[in-house]
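Asks: What shape does this take:
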Amino acid sequence: MTKRLISSNTFKSRSQVIFEYVLLAVCLCVIALRATFTEGPTAQSATLPSNLGDIVYSLSVSGILILAFIFWFVPSFLGGRFSYRVTGIEIGLCLFCIGALAAGFTAPNKRTAITDSALLIAPLLMAILLVQILDSQAKIKLVLCVVGALGVVSTYECANQLFHTNQAMIEQYEENPQALLGPLGIEQGSFQQFLFEHRLYTRGVRGFFTTRNSAGSFAMLAFFAATALFAEKLKYRKHYWCWPLWLVTSAIAALAVLLGLAITRSKGAIVGLLFGVVVLVVLLRFGNWLRTHRKAILIACILLAISGICLTASYGLKQGRLPGGSGMLVRWQYWRASVKMYADHPITGVGPGNFTNYYTHYKPAEALESVADPHNFALSILTQYGPVGLAGFLAIIFIPLWKSLAPNSTSSSLKPQKYVLSFIVPAVVYLIVVAAVLGFVKPMLAPISVVGPPGETTGDIILLYMIPVRIFTVGFILLAASWKRDKTPVTSVPAFALFCAVLGVLVHNLIDFAILEPGVYTTFFAIIACLIAIDARQNSRPQLALRPALFAQAAAVVAALLIVAVYVCLVLWPVYKGTHKIRQAYQAISVGRYAQAHDFLALAAECDRLDSTALNMNGRLYMQHYTETGQKQPALLEKARECFLRAIDRNKASFKNYEKLSTVYDLLGETQKAYDSCLEATKRYPGSGRLRFQLAEIAEKLGKNDVAIEQYEKAIEIEDKYRAQFRLIYPEREEIASRIGEEKYQSAKQRIELLSQKPSL
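Replies: Model prediction:
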């Protein structure tokens, strides 16, 4: 195999150009779907009926991105002369994959580890693919137009929630609370209901995402994409008479996106945006000087970051919180728990997606709720993928940023390709394709139910789906108004805007997890790909040219087939089959066919031997069936015990299966085993007053009065700490939403008084 460097303006055949346009369309459709469909598979419980399809959908979309990369790589590699543009992502991607593999092998919940790794790696491959095919200004502009237009759609959805949807949901909840609580698995009167009501009545605006911060991060990316297009049109002022109109259209779209960010009221996103704008102004004013002294600036930034970490840690350790409101108080608790978590797992971390299983091990007693992420992207990657994974992830981001700040090449003019479509042709085609995907594919993913007469209902549904499509079309046209073949040289301003978009999102996600939400994450790396592509055009960076030997070509084909087979057989298919069986079980439960539901759940557990979800559900269903039959079938408890024991074998880090197993043993009269299981659950959630109370009750039955008193005291101590923080965070609320319940709280105090008068066995 020989290799040499060739110019980045290598001629491509007509068929190759068209094929790359098709792959670009696939990537843009995926971005559009993820930006307009709430997708949070790792943040929501897979056991809820409303979330059953999330993981399958997310893995399917990620599989499309992986296939798109393979479909580009294999034909290109087999073509006899393979040209590859080095992106700067490759080294980091290799390190990240090594970290993911090592962490995955040690993860207690290996299904979650595999899923989380696949969701994070697929967009990275998409970014590499985009760098290879974004070989013209027109293609880069298409990506930015789609992202900016999706930002306009997100603004519409945010405004719709602010002025209509949130109020309608409040009215629905007040009329029938269980209709909203039931699908979420929330019991009335519980602390979870309080949290739900708090979020509901604060009228949080989150657009198509899981949180307002995620919507804010996406709006930031869309805003800087629109800004890059606005800056690009400035160079037309000497070439086209209508350039002021083009500036106005881009400005309107950018302001619309900015409005959406403001509606979210995400403080972190606003801070990130302001930081990005300041950096953009500095780059525009001192860009050449910064490029010349970039090494010194890098050292200064590293020292500043280290100093910031030390000052933050020092302040937090002294004050027990971070400066700011209640949000920074709880974030300090997340971070302290995460540091302790990493200290116990310093080499590989706890495993991809396994943060939620381990957080309860370290959660402070006073903390109000458990979380699935530390609200800091660096800590999130470090605790789950280990130091190697974090090093790779940071390299993936910062190496391209570093290269984009390199001094411009003295020769950046590019020769035109042999086959280049004018911008108007792909723009119209892509507008139609992406709009069609939003109009026809999204309805299949997120069906809307509207109550009313059949004719009116159908019309309302069509209208609800078509409005976002129309908004997207308008936003796209506003941003892509200058449908001309580019005749002007490439400038640095669009690259500066995208550079600031990346930095702004990173700054925001030092106190949030929005960057790891699939819609934001995929768009984020699409922006990085555009930045790399612009840099390659500005500096005429050479491509790596290879003439692969026959053996190398055969190895590439085998590797590609192996990757596809592994993804289908290990990643996607088990999850799909297991989810399908769980869905069938829910349908059987809804009509009272418990025996059939048990069979479906048992099949689900066999279909996916790495996941404990179906076993946990089956065990809980046996317990429910036992209760509903008047507690006359102890065989049901035996089956529940078997399910929970098998679930523990698949996930030993979670306290939930141990807690349920303790209850089963208690009902079976095996008190010592109930105590042992509850003790294991408490070890995994020492800050749970509920588990402490349960352990104390079981200890009483065994005559261990000293242990019972100790656990009752800890339950009261935990509840008191929680109540103190509750009053601090919600000072305007008179009634405290107790976590263990007022009855158990008072009962614990009474039991301590009574047991103190009795001798322990």
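Asks: ok, which stretches of the stretch 1-150 of the chain are strands?
Replies: 2-6, 82-84 (DSSP state E, counting those that start in this stretch).
Asks: mean pLDDT for those: which is lowest?
Replies: When the strands of the stretch 1-150 of the chain are ranked by mean pLDDT, strand 2-6 comes last with a mean of 50.
Asks: Tell me which residues are up against stretch 251-266.
Replies: Outside stretch 251-266, the residues that touch it by Cβ atoms under 8 Å, 6 or more residues apart in numbering are 148-149, 151-152, 154-156, 158-159, 162, 205-207, 212-213, 215-217, 219-220, 222-223, 226-227, 230, 269-270, 273, 475, 478-479, 508. Using the backbone N, CA and C atoms, a C-beta is placed for each residue, glycine as well.
Asks: Same question for stretch 79-94.
Replies: 6, 8, 10, 76, 121, 124-125, 127-128, 131-132, 391-397, 399-400, 402-403, 528-529, 532, 536, 541, 543-548.
Asks: Could you list which residues are in contact with residue 23?
Replies: 68, 71, 72, 129, 133.
Asks: Let me have those in a markdown table, adding distance to residue 296, pLDDT and neighbour count as columns.
Replies: A markdown table is the format used below for these (distance: Cβ to Cβ, whole Å; pLDDT from 0 to 100; neighbours: other Cβ atoms under 10 Å):
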| residue | distance to residue 296 | pLDDT | neighbour count |
| --- | --- | --- | --- |
| 68 | 40 | 96 | 23 |
| 71 | 44 | 94 | 16 |
| 72 | 39 | 93 | 20 |
| 129 | 35 | 96 | 25 |
| 133 | 36 | 93 | 23 |
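Asks: Pick out whichever of these sits closest to residue 571.
Replies: Closest to residue 571 out of those is residue 68 (16.2 Å), distances taken as Cβ to Cβ.
Asks: could you list every residue that touches that closest one?
Replies: Contacts of residue 68 by Cβ under 8 Å, 6+ apart are 23, 26, 27, 126, 129.
Asks: Would you mind giving the residues you listed as JSON lines with distance to residue 15 added?
Replies: Shown next, in JSON lines, are the contacts of residue 68 (distance: Cβ to Cβ, whole Å):
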{"residue": "23", "distance to residue 15": "13"}
{"residue": "26", "distance to residue 15": "17"}
{"residue": "27", "distance to residue 15": "19"}
{"residue": "126", "distance to residue 15": "22"}
{"residue": "129", "distance to residue 15": "18"}
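Asks: before we move on, the earlier item: let's see which of the contacts of residue 23 end up in helices.
Replies: Using DSSP state H, the subset of these located in helices is 68, 71, 72, 129, 133.
Asks: Those: which two are farthest apart?
Replies: 71 and 133 (11.4 Å).
Asks: can you confirm residue 545 is in a strand?
Replies: Yes - membership of residue 545 in a strand is supported by DSSP: H, G, I helix; E, B strand; the rest coil.
Asks: right, and residue 351 touches residue 106 too?
Replies: Yes - judged on Cβ atoms under 8 Å, residue 351 makes contact with residue 106 at a distance of 6.1 Å.
Asks: Please say which of the two ends up with more neighbours.
Replies: Neighbour count, other Cβ atoms under 10 Å: between residue 351 and residue 106, residue 351 has more, with 30 against 16.
Asks: residue contacts, residue 273?
Replies: Taking Cβ under 8 Å, 6+ apart, one finds 220, 223, 261, 504 in contact with residue 273.
Asks: Wait, a strand at it?
Replies: No - going by three-state DSSP, the assignment for residue 273 is helix, not a strand.
Asks: where does it land on pLDDT?
Replies: So, for residue 273, pLDDT stands at 96.
Asks: Could you do residue 392 as well?
Replies: 96.
Asks: show me what contacts it?
Replies: Going by Cβ under 8 Å, 6+ apart, residue 392 touches 91, 92, 93, 94, 95, 96, 97, 98, 99, 385.
Asks: Equivalent analysis for residue 104, please.
Replies: Counting by Cβ under 8 Å, 6+ apart, residue 104 touches 110, 113, 114, 117, 351, 352.
Asks: Check the secondary structure at the closest residue to residue 584 other than its chain neighbours for me.
Replies: Once flanking residues are discounted, residue 584 sits nearest to residue 600: 4.6 Å by Cβ to Cβ, 6 or more residues apart in numbering. Of the three states, residue 600 takes helix under three-state DSSP.
Asks: For residue 600, the count of nearby residues, please.
Replies: Residue 600 - counted by other Cβ under 10 Å - has 23 other residues nearby.
Asks: Distance check, it against residue 55.
Replies: 18 Å (Cβ to Cβ, to the nearest Å).
Asks: Please identify the buried residues of the longest helix along the chain?
Replies: Longest helix of the chain, by residue count under DSSP H: helix 377-404. Buried residues in helix 377-404, defined by neighbour count with 16 or more other Cβ atoms under 10 Å: 377-397, 399-401, 403-404.
Asks: Likewise for stretch 22-30?
Replies: Buried residues in stretch 22-30, counted by 16+ other Cβ under 10 Å: 23, 24, 25, 26, 27, 28, 29, 30.
Asks: Over to stretch 197-214?
Replies: Result for stretch 197-214 [16+ other Cβ under 10 Å]: buried residues 197, 204, 205, 206, 207, 208, 209, 210, 211, 212, 213, 214.
Asks: where in the protein is pLDDT low?
Replies: 1-12, 40-53, 183-185, 235-243, 408-422, 446-464, 482-491, 541, 631, 758-761 (pLDDT under 70).
Asks: Any chance of the backbone angles for the residue nearest the centre of it?
Replies: Against the mean C-alpha coordinate of the chain, by Cα atoms, centre = their mean, the closest residue is residue 517 at 2.0 Å. Residue 517 adopts backbone torsions of phi -70, psi 130, taken as degrees, to the nearest 10.
Asks: I'd say it and residue 206 touch.
Replies: No - using Cβ under 8 Å, residue 517 is not in contact with residue 206; the gap is 10.4 Å.
Asks: Quick check: neighbours shared by the two?
Replies: residue 214.
Asks: what's around the nearest residue to residue 376 once chain neighbours are set aside, how many residues?
Replies: Spatial nearest neighbour of residue 376, excluding adjacent residues (Cβ to Cβ, 6+ apart): residue 510 at 5.8 Å. Residues contacting residue 510 under the criterion other Cβ under 10 Å number 18.
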